[in-house]
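Q: sequence first, predicted model second:
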Amino acid sequence: MIWWFYRALKDYKLAPSVKQAQLLRARFDRIFKRASTGYAHLDRLLRRLFRNKDGLLRVLERPEIPINTNTSENEHPRLRHEKKNLRRDRQRQGPRRARHHAGACQNLHEVEMSFYEFIGARLGIPGPKIPPLASLIRPAPA
C-alpha cells in the first residue's frame, strides 16, 4: 500500500488537483493511522510517519518540490558518502552513546538540573550558563 501511495504522489506531481490532494490525504490516514499491525517495530514506524504527515505531504501543497532527496544525493556523491559513513558510525557507537547519555541524564537528575538546558549550554544556545558536568557532581563517599 505504501508503494502504491508513493506512486500516486508521483502521479499527482504531474497533474495536481484539489480533489486528488484530498483523496491522497485520506489514503495517507488509512495507511498510517492503523490501530495495530501485530508488529511492535512496524507500529512505531507507522506512528512516527503519521506524526510527520504535514512534512511528508507537503508535495500536495507545492508539487514543484521533490518527494525524496535521492536526486540531490545522486548529484552530490560526497553527500551520499558522508551519509553512509554517518549511518555506519551511529550503528557502531549506538550502545556506547546510549550508556553515556543515560549516565549524564542520571547525574543531572541527581543535581536537579535539566538535561535539555545542559545540552543547550554545551551547544551555545542562549540560556542559563552551566558549568561542566564534572564540577557539578559530588564524589561518592568512600
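A: Looks like it arrived, so ask away.

Q: just name the shakiest helix or strand of this protein by mean pLDDT.
A: helix 70-75 (a mean of 54; mean pLDDT, DSSP states H and E).

Q: middle-most residue in the chain, spatially?
A: Arg48 (8.3 Å; CA atoms, centre = their mean).

Q: host element of that residue?
A: Following DSSP states H and E, one finds Arg48 within helix 40-51.

Q: mean confidence score for that helix?
A: Average pLDDT, helix 40-51: 88.

Q: which elements pack onto whichever helix or strand comes after it?
A: Proceeding N to C from helix 40-51, the next assigned helix or strand is helix 53-56, under DSSP H and E. Helices and strands touching helix 53-56, by 3 or more CB pairs under 8 Å, 6 or more residues apart in numbering; DSSP states H and E, are helix 18-32. C-beta here means a position set from N, CA and C on the backbone, and glycine is covered the same way.

Q: if you set the cut-off to 6 Å instead, what comes out?
A: The criterion is 3 or more CB pairs under 6 Å, 6 or more residues apart in numbering; DSSP states H and E, and there are no helices or strands that helix 53-56 contacts.

Q: chain center to it, what's the gap?
A: 12 Å (CA atoms, centre = their mean, to the nearest Å).

Q: alpha carbons of that helix, as CSV, please.
A: Provided in CSV are the C-alpha atoms of helix 53-56 (Å, rounded to 0.1, in the frame of the first residue of the first chain):
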residue,chain,number,x,y,z
LYS,A,53,2.2,13.8,8.0
ASP,A,54,2.5,17.6,7.3
GLY,A,55,6.1,17.4,6.1
LEU,A,56,5.6,14.1,4.1
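
Q: quick check: buried residues in it?
A: By neighbour count on 16 or more other CB atoms under 10 Å, the buried set for helix 53-56 is empty.

Q: how many neighbouring residues does Leu108 have?
A: By other CB atoms under 10 Å, 20 other residues sit near Leu108.

Q: grab the nearest non-local neighbour of it.
A: Take Leu108 and drop its neighbours on the chain: the residue closest to it by CB to CB, 6 or more residues apart in numbering is Phe115, 5.2 Å away.

Q: now do the phi/psi pair for the one you found.
A: When read as degrees, to the nearest 10, the backbone of Phe115 gives phi -60, psi -40.
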